[in-house]
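Visitor: my questions concern the predicted model and sequence given below.
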Amino acid sequence: MATVTLHNLVKAYGKAEVLHGINLEVADGEFVVFVGPSGCGKSTTLRMIAGLEDVTGGEVQIDGRTVNHLEPKDRDIAMVFQNYAIYPHMSVRKNIGFGLRTSKLSKPEREKRIEEVAAMLSMTDYLDRKPAQLSGGQRQRVAIGRAMVRDPAVFLFDEPLSNLDAQLRSQMRLEIKKLHQRVGTTIIFVTHDQVEAMTMADRIVIMKDGHIQQIGTPAEVFHQPANIFVAQFIGAPSMNLMPGRAVSGGVEVGGTVIARETDHSGELTIGIRPDDLHVTEGEGRFAGRITLLEPLGSETLAYVDIGGQEVVARADGRNPPALGSMVQLAVDPENLHLFGADGVAIK
């Protein structure tokens, strides 16, 4: 296991700078997930840690050692790619063992290590099969096994689940999380899927346009977003955003004043997560007409027009309100998120 430190990391292609001074400390044994939209720089950052991209400026340190100019094979890392990158003509056994081809282990020791890794991944019964005889999830396990067999200090995952269907993705998320709990190796995982980030990470690094927007635990980035970008990117459905302003006694939003302490004055953007906005049979904070219903089984998402502004709220899954009906929406004032004109969160 090892720590990973990025100090003022910069990447440029010619005159175009795509990473702008990235700073991050990954603790020994931590599971850190980089997440953000396409083109935000998350995969480029991972490839610089791996040594697959040159560093324009700053430092990459693994376990306190600067590795900027070391070859990937000398960094004690293992990388799992999006496209599996396993050999179709080799058996599962040989694919997993490929990572040991330059090791000094004896043949019995190599075989023992392959068997141990296969058992961890529930692939023992498939060791003599070829990749064509495996499902997508099993092929991804083989790719992970080939990385694991080397016992690296750091695992790097570059969107390894994006080629899988929804059910397999969910299954593999759990398996990778359980694997981390068993082996305790430092993991840096890149994804564009915020659900993967929320369910797997010890800490999440949210990126946009080559800058880090926020670093925090899943609970921190969900409940205490640093800015509007994070607030909308994390959470499904996205946070409702409504124009408002600070007034005497609280904040005014949607034609009503809600008691909410703030030192800010003037115009605001008010954020309310759909989880915190509920269709109620009693008196609510807002009134509106339902324009769309999205049944999800245990609950229903209700799209509600409040004076020309559409918001998403939670409604009962068994007895949802009728499409086109007028409803009341309740919200706890403590769960309002306030953002200033610059989009930064206001305490």
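Guide: Thanks, I have the structure now. For clarity, every value in this text was computed on a predicted model and none was experimentally measured.

Visitor: and the worst-scoring helix or strand of the chain on mean pLDDT, which residues are buried?
Guide: None of the helices or strands of the chain scores lower by mean pLDDT, DSSP states H and E than strand 256-258, at a mean of 81. By 16 or more other Cβ atoms under 10 Å, the buried positions in strand 256-258 come out as Ile258. Quick note: C-beta positions are derived from backbone N, CA and C, even for glycine.

Visitor: again, but for stretch 121-128
Guide: Buried residues in stretch 121-128, counting neighbours by 16+ other Cβ under 10 Å, are found at Leu121, Met123, Tyr126, Leu127.

Visitor: adding secondary structure, pLDDT and distance to Glu220, write the residues you listed out as TSV.
Guide: TSV is the format used below for these (DSSP: H, G, I helix; E, B strand; the rest coil; pLDDT from 0 to 100; distance: Cβ to Cβ, whole Å):
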residue	secondary structure	pLDDT	distance to Glu220
Leu121	coil	81	32
Met123	coil	88	36
Tyr126	helix	91	40
Leu127	coil	92	42
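
Visitor: quick one: which of the residues you listed is nearest Gly340?
Guide: Leu121 (48.3 Å; Cβ to Cβ).

Visitor: the closest one and Phe155: what is the separation?
Guide: 13 Å (Cβ to Cβ, to the nearest Å).

Visitor: quick check: neighbours shared by these two?
Guide: Met148 (Cβ atoms under 8 Å, 6 or more residues apart in numbering).

Visitor: one step back: strand partners (parallel or antiparallel) of the least confident helix or strand of the chain?
Guide: strand 250-253 (antiparallel) (DSSP bridges).

Visitor: next up, the contacts around the residue nearest to Lys130 when sequence neighbours are not counted.
Guide: Nearest residue to Lys130, sequence neighbours excluded (Cβ to Cβ, 6 or more residues apart in numbering): Ser91, at 6.1 Å. Ser91 makes contact with Leu127, Asp128, Arg129, Lys130, according to Cβ under 8 Å, 6+ apart.

Visitor: mind listing which of those are in strands?
Guide: Counting by DSSP state E, no part of the contacts of Ser91 is found in strands.

Visitor: out of these, the closest to Ala78 would be?
Guide: Nearest member of the contacts of Ser91 to Ala78, counting by Cβ to Cβ, is Leu127, at 19.7 Å.
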